[in-house]
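# based on what follows, work out the 3D shape:
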Amino acid sequence: MSTSQANPGQPGPSQSHVGSLPYIVAATFFMEYLDTTIIATALPQMAHDFGVGPNELSLGMTAYMLTLAVFIPISGWIADRLGSRTVFASAIVVFTLASILCGISGSVGEFTAARILQGMGGAMMVPVGRLIVVRNTGKDQLMKAISTITWPAIVAPVVGPSIGGFITTYASWHWIFLMNVPFGLAALTAVLLVVRNERGASKRPLDLVGFFLSGAALTSLLYGTELASHMESNIAVALGFVLGGIVLGAIAYRHAKGSAHPLLDFSTLKVPTFSVTIITGSATRIGIEAVPYLLPLLFQIGFGLSAFHSGLLLLASALGNLGMKMFTTRVLQRYGFRRVSVTNAVIAGLMVSACGLLTPDSPLAWTLITVFVYGLARSMQFSTLATLAYADIGDARKSSASTLWSVAQQMTIGMGIAFGALALRVAAYFRGDASVVGAAGGAHFTLSDFHWAFVMAGVLILLSVQGYRGMARDAGDNIGGGMRAPSRTR
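Numbers count the residues shown, from 1 in each chain. Sure, this is the predicted structure:
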């Protein structure tokens, strides 16, 4: 992979503008991540307006997710060819226009087409935005910059359902999409004023075979995980798609290893600090990402709460996520990446397991504390992984590393939901409810089922601890991790 360069004659951004880049990118990330999760609570109202059942509208959500899977791998190549500012600004325009089309849709077909267009914008926006920040941030500021652009991915999945429920209840579902317009226009203006149009120093040919293989693999994987998350679906069919995705992924990996210009450059996995964030980090993220799926079900099915009251309890997790952001950099500077990764993964695993011990009779304070501490651990681990990923990545590999990281992140979000759904089904099956195996919507989950589902997610996180223990003790020290001098922890 070649190094990047700005357009000839184009002035570079001032230091203050460089400092504002993470905030601009974070704003666009929040818009994209929020839009992924906020729609769920609006489905009944949308289905009523379209004259269809809520299940038929899931096609729009699935289409969005699969479009992301297809186009994320090509984002780095397009940014190197056309320039990062051109692609990022165009992605914001496409995403904003698609949001308008979603908001004025009058049928399932129109909505699905608009969501596909929105997915194309989102697929370019997130990896290219991350690439812009990484390329324009020095090693001494990288930890703070990555922490800034990481918070949307941490907070949006938690607050999305609550915001969606509020908008749907007191306004209408149209505003879920139309509110993106002012944010999109503001972000576009900032990008055009601040971001340089950096390109790759050499023009790589497009790896069409890799594009089709990676797209097919990710589509099959994510569609399979999407099916698994629906309790009325046939679990054997869902697992068949997941298995097919794994096989196609193995073929794509083998192709990339033998290609001179692979679309997905897996050679970045030879960098230990990047490899641990992709391989070990994916296992951790799957376990952690199962919780936003399981907790609302626990509160609504196990506790008998309304969707609104369930959302209020989940806000404790959002407060934990946001609260931790104030301390992430200082904690990493004080204790280092290896110690924080190991310790926090243990805490996260234990807190996820503890969520399964909650019952309707649990004191409200204890429920809120458990969910809050889970939010703290979630935020700390995600920020640690996102920052460590680029600690030892040189300029020549930043584009390919950003693309691979975005692919892994998108995949683990879907797989976390699927893991939670599968864990529930496994628990119910061993309890004696065989209906969870087939396409029978009559499965009834008990508190015991949720207990074991949370334990399985917690165990997965705890098993990943060994991977972090294998890291070098000075991992990430070059970007400020483990600096103990008080004057350097500001």
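# surely Thr137 touches Val25?
No: the criterion here is C-beta atoms under 8 Å, and Thr137 misses it with Val25 at 10.6 Å. For every residue, glycine as well, the C-beta is placed using N, CA and C.
# who has more neighbours, these two?
Just comparing Thr137 and Val25: by other C-beta atoms under 10 Å the higher neighbour count belongs to Val25, 27 against 22.
# what sits against the more buried one?
Each residue near Val25 by C-beta atoms under 8 Å, 6 or more residues apart in numbering is listed here: Gly129, Arg130, Ile132, Val133, Ile149.
# what residues of the helix or strand that contains it count as buried?
Val25 belongs to helix 15-38 when assigned by DSSP states H and E. Buried residues in helix 15-38, counted by 16 or more other C-beta atoms under 10 Å: 17-19, 21-22, 24-38.
# which SSE is immediately downstream of it?
helix 43-50.
# which one (most neighbours) among the contacts of Val25?
Neighbour max across the contacts of Val25 (other C-beta under 10 Å) = Gly129, 32 neighbours.
# surely it touches Phe29?
Yes: between Gly129 and Phe29 there is a contact at 6.4 Å, judged by C-beta under 8 Å.
# name the residues contacting each of those two.
Joint contacts of Gly129 and Phe29 (C-beta under 8 Å, 6+ apart) are Ile149.
# quick one, helices of the stretch 251-400 of the chain?
272-289, 291-297, 307-325, 328-335, 337-355, 364-388, 398-431 (DSSP state H, counting those that start in this stretch).
# what is the rounded mean pLDDT of the last one?
What that stands for is helix 398-431. For helix 398-431, mean pLDDT rounds to 84.
# what's that helix packed up against?
helix 54-71, helix 75-82, helix 108-135, helix 208-229, helix 235-257, helix 272-289, helix 291-297, helix 447-463 (3 or more C-beta pairs under 8 Å, 6 or more residues apart in numbering; DSSP states H and E).
# which parts of that helix are buried?
Applying 16+ other C-beta under 10 Å to helix 398-431 flags 398-429 as buried.
# with the first one instead?
Of the residues in helix 272-289, those buried under the neighbour-count criterion (16+ other C-beta under 10 Å) are 273-278, 280-289.
# angle of that helix against helix 364-388?
Per axes from the mean of the first three to the mean of the last three C-alpha atoms, to 10 degrees, the angle that helix 272-289 makes with helix 364-388 is 160 degrees.
# tell me what helix 272-289 is packed against?
So helix 272-289, by 3+ C-beta pairs under 8 Å, 6+ apart, packs with helix 337-355, helix 364-388, helix 398-431, helix 447-463, helix 465-469.
# so can I have TSV of the helices of the stretch 251-400 of the chain showing distance to Ser99?
Formatted as TSV, the helices of the stretch 251-400 of the chain follow (distance: least, C-beta to C-beta, whole Å):
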stretch	distance to Ser99
helix 272-289	24
helix 291-297	23
helix 307-325	22
helix 328-335	30
helix 337-355	33
helix 364-388	26
helix 398-431	19
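# looking at those helices, which is closest to Gly109?
helix 398-431 (24.0 Å; C-beta to C-beta).
# take the helices and strands packed on helix 272-289 and write them to CSV, including distance to Leu59.
Shown next, in CSV, are the helices and strands packed on helix 272-289 (distance: least, C-beta to C-beta, whole Å):
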stretch, distance to Leu59
helix 337-355, 31
helix 364-388, 30
helix 398-431, 16
helix 447-463, 27
helix 465-469, 37
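# so which of these gets nearest Cys102?
That would be helix 398-431 among the helices and strands packed on helix 272-289, by C-beta to C-beta, at 19.8 Å.
# how far does that closest one sit from its chain's centre?
10 Å (C-alpha atoms, centre = their mean, to the nearest Å).
# in contact with the closest residue to Glu32 other than its chain neighbours, which residues?
Nearest non-adjacent residue to Glu32, counting by C-beta to C-beta, 6 or more residues apart in numbering: Gly122, 4.7 Å away. Neighbouring residues of Gly122 by C-beta under 8 Å, 6+ apart: Glu32, Asp35, Thr36, Tyr64, Thr67, Leu68, Ala91, Phe95.
# can you tell me which of those lies closest to Ala171?
Asp35 (16.1 Å).
# got a list of what the closest one touches?
Ser99, Gln118, Gly122, Ile176, Phe177, Asn180.
# ditto for Ser275
Going by C-beta under 8 Å, 6+ apart, the list of residues near Ser275 reads Thr268, Leu269.
# please repeat the previous calculation with a cut-off of 7 Å.
Leu269 (C-beta atoms under 7 Å, 6 or more residues apart in numbering).
# and what of the one 5 residues further on?
When the contact criterion is C-beta under 7 Å, 6+ apart, the partners of Thr280 are Ser464, Gly467, Tyr468.
# try it again with 10 Å
Listed by C-beta atoms under 10 Å, 6 or more residues apart in numbering, the contact partners of Thr280 are Ser341, Ala345, Leu385, Leu463, Ser464, Val465, Gln466, Gly467, Tyr468, Arg469, Gly470, Met471.
# what lies in contact with stretch 100-110?
35, 39, 46-47, 49-52, 56-57, 59-60, 64, 111-115, 117-118, 172-181, 184.
# please save the CA atoms from it in CSV.
C-alpha atoms of stretch 100-110 as CSV (Å, rounded to 0.1, in the frame of the first residue of the first chain):
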residue,chain,number,x,y,z
ILE,A,100,-34.5,12.9,3.1
LEU,A,101,-35.7,10.1,0.8
CYS,A,102,-36.2,7.8,3.8
GLY,A,103,-38.2,10.5,5.5
ILE,A,104,-40.6,11.1,2.6
SER,A,105,-41.0,7.4,1.6
GLY,A,106,-44.5,6.3,1.0
SER,A,107,-44.0,2.6,0.6
VAL,A,108,-41.8,-0.3,1.6
GLY,A,109,-40.1,-0.3,-1.8
GLU,A,110,-39.2,3.4,-1.7
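# mind listing what's buried in it?
So, applying 16+ other C-beta under 10 Å, buried residues of stretch 100-110: Ile100, Leu101, Cys102, Gly103, Ser105, Val108.
# how does this protein divide into domains?
Domains of the chain are assigned by automatic domain parsing as 1-205, 207-262, 268-490.
# mean pLDDT for these: which is lowest?
domain 1-205 (a mean of 81).
# excluding sequence neighbours, find me the nearest residue to Arg285.
Thr412 (4.1 Å).
# separation between that neighbour and Trp151?
17 Å (C-beta to C-beta, to the nearest Å).
# what of Thr37?
For Thr37, the distance to Trp151 - C-beta to C-beta - is 15 Å.
# pretty sure Met125 sits against Ala98.
No: counting by C-beta atoms under 10 Å, Met125 stays clear of Ala98, with 11.2 Å between them.
# identify the contacts common to the two.
Joint contacts of Met125 and Ala98 (C-beta under 10 Å, 6+ apart) do not exist.
# which members of the contacts of Asp35 are the farthest-apart pair?
The span of the contacts of Asp35, defined through C-beta to C-beta, is set by Gly122 and Ile176 at 15.1 Å.
# state the distance from Met415 to Gly287.
10 Å.
# likewise for Asp49?
From Asp49 to Gly287 the distance is 37 Å (C-beta to C-beta).
# cool, and Arg334?
26 Å.
# please apply the same query to Ala27.
Ala27 is 29 Å from Gly287, by C-beta to C-beta.
# and Thr148, by the same measure?
25 Å.
# what's the answer for Tyr170, then?
Counting by C-beta to C-beta, the gap from Tyr170 to Gly287 is 35 Å.
# same thing with Thr268?
From Thr268 across to Gly287, the span is 24 Å (C-beta to C-beta).
# and what of Thr446?
As judged by C-beta to C-beta, Thr446 and Gly287 stand 22 Å apart.
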